[in-house]
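Novice: For reference, the sequence and a predicted model appear below.
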Amino acid sequence: MNIHIWYIIMGGCAVTLLPRVLPVMLISKINLNDRVVKFLKYIPISILTALVASELLISDNKFSMNSPLFIAAIITAIVAVKKNNLLLTVIVGVLSMTVLRLML
Amino acid sequence: MAEQNKIYLNKNSFRSGVRDCIPTLFGYLSIGFACGVVSKSCGMTILETVAMSTFVYAGSSQFIAASMIMSFASAPSVIITIFLVNLRHLLMSASIAPKFKNNSLLKNFTIGALLTDETFALASSKSNNKENIGYRWMMGINLTAYVNWILATFIGAYFSSLIYDYKKFGLDFALTAMFIGLLISSVKENSKIKQSLLIIVSSILALIISIKFFSVNTGIMIAAMFGACIGGLTEK
């Protein structure tokens, strides 16, 4: 047994648990002012944008554009806009990435 | 008849939570599979990989932790990295908090403990801010996603020797594709399309600028906060 890895697992457990549980436990018990509520309402759009952009535009901590990735992302986005079906969106995205990698 | 309909349409039940989680399963199954393959090939055992999924339960952190373990990084440095990569859940947890006002602290602990990018996005699109989300529904999506993730990483670790290059099949794009799908559905919910576009553009710009000074994970948090501020300020 590798004690080193188990230290990482237990420490990792603690540091991922706290940011997940503390806000929902504490903020749900207090009355927030309107500005904070407005701010929190837009977190989904802004954080998902940041996550997508970090996958598409950044590699090795630098701004970069990768064309197969970009084309696959555009195809995925079109499916997501036209159809309200997350599973289909993911499958088309993965398939288009596969095809693009084979072609380019 | 009316009562039957009521039972059938109970949108807050555990079962409907499970059902609402199904569309995300394929994406996390493939990325979890990839995570299992990578963890195993970085020198972790199947048991360690599954324990990591069970206790840390964080996709991108697990990929990074595996590669740091392979390069013999110290335990504190890996733990700090996991902390920073996952710190965005602080914002997500805060963002859904107003929807769980009526729950006990213990219930909200269990909701938060299993919160992920995808269950957060599902919960955000479940209701607008004035409406509470049912505890059973939330546990339905949370537990489904959790079990799916543990199984996926287990299968990946178990079959890792058979896979020589998972990237060849485009599976590594599953997570990005899912984020795109979730982003577009959250844009569709906000009826003001111009405002949504403004938030998107400002988040991207904030990210590009902040990575000049900080790591990507810090950049993601800065971009998320900046974009949400723009959203709050432009609301009429």
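Specialist: Done, it's in.
Novice: Can you check which helix is longest in chain A?
Specialist: helix A:3-27 (DSSP state H).
Novice: Mind giving me the packing neighbours of it?
Specialist: If you count contacts as 3 or more C-beta pairs under 8 Å, 6 or more residues apart in numbering or on different chains; DSSP states H and E, helix A:3-27 packs onto helix B:46-55, helix B:59-70, helix B:75-86, helix B:88-96, helix B:105-113. For the C-beta atoms, the positions are set from N, CA and C on the backbone; glycine is no exception.
Novice: does chain A sit close to the helix or strand residue B:198 falls within?
Specialist: Assigned by DSSP states H and E, residue B:198 belongs to helix B:193-210. Yes - Helix B:193-210 is in contact with chain A by C-beta under 8 Å from any C-beta of the partner chain, via B:196, B:199, B:200, B:202, B:203, B:204, B:206, B:207, B:208.
Novice: Which members of the residues you listed are classed as buried?
Specialist: B:196, B:199, B:200, B:202, B:203, B:204, B:206, B:207 (16 or more other C-beta atoms under 10 Å in any protein chain shown).
Novice: Just give the nearest non-adjacent residue to the last one, would you?
Specialist: Okay, so that is residue B:207. residue B:223 (3.8 Å; C-beta to C-beta, 6 or more residues apart in numbering or on different chains).
Novice: Repeat that for the first one.
Specialist: Spatial nearest neighbour of residue B:196, excluding adjacent residues (C-beta to C-beta, 6+ apart): residue B:187 at 4.5 Å.
Novice: where's that neighbour relative to residue A:37, distance?
Specialist: In this view, residue B:187 and residue A:37 are 20 Å apart by C-beta to C-beta, to the nearest Å.
Novice: more neighbours, those two?
Specialist: Just comparing residue B:187 and residue A:37: by other C-beta atoms under 10 Å in any protein chain shown the higher neighbour count belongs to residue B:187, 22 against 15.
Novice: Am I right that the more buried one is in contact with residue A:46?
Specialist: No - counting by C-beta atoms under 8 Å, residue B:187 does not reach residue A:46; the two are 11.1 Å apart.
Novice: show me what contacts the residue nearest the centre of chain A?
Specialist: Centrality entry for chain A: nearest residue to the mean C-alpha point is residue A:51, 4.2 Å, by C-alpha atoms, centre = their mean. Residue A:51 sits next to B:117, B:179, B:220 when contact means C-beta atoms under 8 Å, 6 or more residues apart in numbering or on different chains.
Novice: Looks to me like it is in a helix.
Specialist: Yes - per DSSP: H, G, I helix; E, B strand; the rest coil, residue A:51 lies within a helix segment.
Novice: Residue B:131 versus that one, what's the distance?
Specialist: Taking C-beta to C-beta, one finds residue A:51 at 25 Å from residue B:131.
Novice: Can you check what pLDDT the model gives residue B:188?
Specialist: We have a pLDDT of 89 for residue B:188.
Novice: Would you check how far apart it and chain A are?
Specialist: 8 Å (C-beta to the nearest C-beta, to the nearest Å).
Novice: Summarise which helices and strands the strand or helix carrying that residue is packed against.
Specialist: Element membership for residue B:188, per DSSP H and E: helix B:174-189. Applying 3+ C-beta pairs under 8 Å, 6+ apart, we find helix B:174-189 packed against helix A:43-57, helix A:67-82, helix A:86-103, helix B:14-41, helix B:117-126, helix B:193-210.
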